[in-house]
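> pasting the sequence and the predicted coordinates here, then a few questions.
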Amino acid sequence: MATSATLDESLDASPKPSPLIRWTLPLLAIIAVVGLPALVYRLYAGLVVTNLGSVVPWGVWVAFYIYFIGLSAGSFLLSTVVYVFKYEKLEPVGRIALLQAFFCLLTGMIFIFIDLGPDNLTYPHQFSKFLGILGGGKGSY
C-alpha cells in the first residue's frame, strides 16, 4: 500500500508535455479564431458563398457530421463494454470514451446546424400542417 509521501512524489513527477503538444493547442485556437468570421459569414449569407448547387448538393460539413457521429458511436460502444459488461481491462479508458462520445455527438450536431443554416432548422416546424407528421402527428394516426 502506498503512503501519502509516495503518492505526492508520483504526482509531482508527472511527465512534461512535448513541445509539439504545447504548440498544437494554441495553433488550433488561432485557426479557429481566423475561421470564425468565415463561419458567421456563411451562416449569414447562406449557401451562395460556398458555390454549392444541384451538381454538388452538400459540402464537407456532411462528411464531418458522418465522421463525428461514427466516432461518437464507437466511443459509446467502448464505454458500454466497460460499464455494462464490466470488462475491467478497459476501465481506465471508460470515462474518457464516454466523454468523447458526448463531445463528438455535439460536434456532429454543430456540423448539421452549419449545413442546414439557421433558417432551415426551424422551417419544417414553422410551416408544417398541425395535423401532419412534422406538426406533431396527431392527425396522422
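In hand now; what should we look at? All figures in this text were calculated on a predicted structure; none of them were measured in a lab.
> could you use CA atoms for every contact and neighbour count after this?
Fine.
> nearest the geometric middle of the protein, what residue?
residue 107 (1.9 Å; Cα atoms, centre = their mean).
> before we move on, what's the pLDDT of that one?
On the pLDDT scale, residue 107 is placed at 93.
> list the buried residues for stretch 32-52?
Across stretch 32-52, burial judged by 16 or more other Cα atoms under 10 Å covers 42-43, 46-47.
> for stretch 99-106, same thing?
Of the residues in stretch 99-106, 100-106 count as buried by neighbour count, 16+ other Cα under 10 Å.
> quick one: the lengthiest helix in the chain to chain centroid distance?
Longest helix in the chain, counting residues (DSSP state H): helix 91-126. Centroid displacement of helix 91-126 relative to its chain, using Cα atoms, centre = their mean, to the nearest Å, is 5 Å.
> next: stretch 50-68.
Distance, centroid of stretch 50-68 to centroid of chain: 16 Å (Cα atoms, centre = their mean).
> just to revisit the earlier point, against residue 61, how distant is the residue nearest to the centre of the chain?
11 Å (Cα to Cα, to the nearest Å).
> check residue 114 too.
For residue 114, the distance to residue 61 equals 7 Å [Cα to Cα].
> same check, this time on residue 33
Distance of residue 33 to residue 61, computed by Cα to Cα: 18 Å.
> beyond whichever strand or helix holds residue 37, next helix or strand please.
Assessed by DSSP states H and E, residue 37 sits inside helix 19-45. Counting by DSSP H and E, the next helix or strand C-terminal to helix 19-45 is helix 60-83.
> tell me what angle that next one forms with helix 91-126.
Here helix 60-83 points in a direction 140 degrees away from that of helix 91-126 (axes from the mean of the first three to the mean of the last three Cα atoms, to 10 degrees).
> by contact count, what packs against helix 60-83?
Helix 60-83 sits against helix 91-126, with contacts defined as 3 or more Cα pairs under 8 Å, 6 or more residues apart in numbering; DSSP states H and E.
> got the buried residues for the helix it packs on?
Result for helix 91-126 [16+ other Cα under 10 Å]: buried residues 91, 94, 97-98, 100-108, 111-117.
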